[in-house]
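using only what follows, build the 3D model:
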Amino acid sequence: MVWGAFSLHHRTPLFHVQGNLTGLRYRDEILRPLAVPTLQQMGPQAVYQDDNARPHRARVVNDFLQQSGVNRMERPACSPDLNPIENLWDELDRKVRSNHPPPRDVQHLYQMLQAEWQALPQMIFTTLVNSMRTRCVECQNSQGGYTHY
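Residues are numbered from 1 along each chain as shown. Coordinates of the predicted model:
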């Protein structure tokens, strides 16, 4: 499974987006060169999940994913956040803030993020992946309402 910004097989951030992310940029800079090839390598059981942000749901993106044969997890627009990448971003933020002085500029921040991403223990990734069934069951049991995730 691929979640937005990383592949479980690579453990490195796959992209660095500057400026506003539009549907066209999302398709051309993230999906086409990174996410779709990874999903295709994983085979027909792979499922793509995003967070329903506007660029992710643009018509150009929907058309591209459909033409590429990508299986996409559909969720209502206001569904609870089931995407474990959010937990990784929180962990990464905590690590950067606790281990580094404030960044001098965007490039310095990027270097700090890269270093801390590489240092994240594999167990964090494994635990988050293994939590997906429980996340989905809890969401279903709450009928789309609040979950502790």
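
CA atoms for contacts and neighbours, from now on please.
Will do.

just how off-centre is the helix or strand harbouring R25 within its chain?
Using DSSP states H and E, R25 sits within helix 23-25. Here helix 23-25 is found 16 Å from its chain centre; the criterion is C-alpha atoms, centre = their mean, to the nearest Å.

next one: stretch 90-110
With C-alpha atoms, centre = their mean as the basis, the mean position of stretch 90-110 lies at 19 Å from the chain mean.

span of it from start to end?
Stretch 90-110 has an end-to-end distance of 16 Å (C-alpha to C-alpha, to the nearest Å).

quick one: mean pLDDT over that stretch.
Averaging pLDDT along stretch 90-110 gives 89.

report the rounded mean pLDDT for the helix holding R25.
On average, helix 23-25 scores 93.

quick one, helices of this structure?
Along the chain, the segments classed as helices by DSSP state H run 23-25, 36-42, 59-67, 85-99, 106-119, 122-130, 132-141.

can you mark which positions in stretch 109-124 are buried?
109, 112-113, 116-117 (16 or more other C-alpha atoms under 10 Å).

distance of Q41 from A35?
Taken as C-alpha to C-alpha, the span from Q41 to A35 is 10 Å.

neighbour count for the two, which is higher?
A35 (22 against 9; other C-alpha atoms under 10 Å).

make TSV out of the helices of the chain and add distance to T147.
Shown next, in TSV, are the helices of the chain (distance: least, C-alpha to C-alpha, whole Å):
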stretch	distance to T147
helix 23-25	29
helix 36-42	28
helix 59-67	28
helix 85-99	14
helix 106-119	27
helix 122-130	15
helix 132-141	6
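
closest one to D51 among those?
helix 85-99 (9.6 Å; C-alpha to C-alpha).

same for the closest one, what does it pack against?
helix 106-119 (3 or more C-alpha pairs under 8 Å, 6 or more residues apart in numbering; DSSP states H and E).
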